[in-house]
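In: model this:
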Amino acid sequence: VFNDRPDQVFDLPAKGQPTGIAVDPNNRILKNATVSVITATTLIAVVLATDEPAGFRVFPNPATDQLTVSFYTAQAGPITLRLTNTLGQPVKQLTETNAPLGLQRRWLNVSTLPAGRYVLTLDTMDGRETIAVLIE
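Out: Model (predicted):
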């Protein structure tokens, strides 16, 4: 599915009568969106996206040389980005003592890391978020 417009309609064929629908249940894609489901003779999901900034995103994933990390902070303050291996050992860390509020973008060089699975943790005044990262 390619999403290139503010509103789109998608038909998703299913075997039998659908009994429910889940649209991004963990809010990983539609961070600040409202999801309404209307039931009639067919199941219809309406996703209303807001203009609020997106949450914690990492790209490209998988990465080979550099990770771009995008996130939003609702309040100014310290931030820490920590990349850990599967043993929980930190392999990269970026710390700032006073990041401004708003949309943020940071870069991590991962070119010297061995291929594998990692966890990127973001700590801000707003809380902690984690995301799985694959290095090739």
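
In: only C-alpha atoms from now on, for both contacts and neighbour counts.
Out: OK.

In: which residues in this protein form strands?
Out: Listed in chain order, the strands of the chain (DSSP state E) span 33-39, 43-49, 57-59, 66-73, 77-84, 90-99, 102-109, 116-124, 127-135.

In: return the set of buried residues in the shortest one.
Out: Right, the one you point to is strand 57-59. Residues of strand 57-59 classed as buried by neighbour count (16 or more other C-alpha atoms under 10 Å): 57-58.

In: who does it touch, helix- and strand-wise?
Out: Identification of packing neighbours for strand 57-59 by 3 or more C-alpha pairs under 8 Å, 6 or more residues apart in numbering; DSSP states H and E yields strand 66-73.

In: so what touches the strand it packs on?
Out: 53-61, 100-111, 124-126 (C-alpha atoms under 8 Å, 6 or more residues apart in numbering).

In: among the strands of the chain, which is nearest Gly16?
Out: With C-alpha to C-alpha as the criterion, Gly16 lies closest to strand 43-49 of the strands of the chain, at 11.9 Å.

In: any idea of the mean pLDDT for that closest one?
Out: What strand 43-49 shows for mean pLDDT is 51.

In: poorly predicted segments of the protein, please.
Out: Low-confidence segments of the chain, defined by pLDDT under 70: 1-14, 17-54.

In: list the beta-bridge partners for Trp107.
Out: Thr68 (DSSP bridges).

In: quick one, what contacts it?
Out: Counted by C-alpha under 8 Å, 6+ apart, Trp107 has contacts 66-69.

In: buried subset of the residues you listed, written for ChimeraX?
Out: Filtering the contacts of Trp107 down to the buried ones (16+ other C-alpha under 10 Å) takes a single ChimeraX command:
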select :66,67,69
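
In: of all the contacts of Trp107, which two lie farthest apart?
Out: Once C-alpha to C-alpha is applied, the contacts of Trp107 give Gln66 and Val69 as the farthest pair, at 9.7 Å.

In: the closest residue in space to Val119 that isn't next to it in sequence: neighbour count?
Out: For Val119, ignoring the flanking residues on the chain, the nearest one in space by C-alpha to C-alpha, 6 or more residues apart in numbering is Ala132 at 4.6 Å. When counting by other C-alpha atoms under 10 Å, one arrives at 14 neighbours for Ala132.
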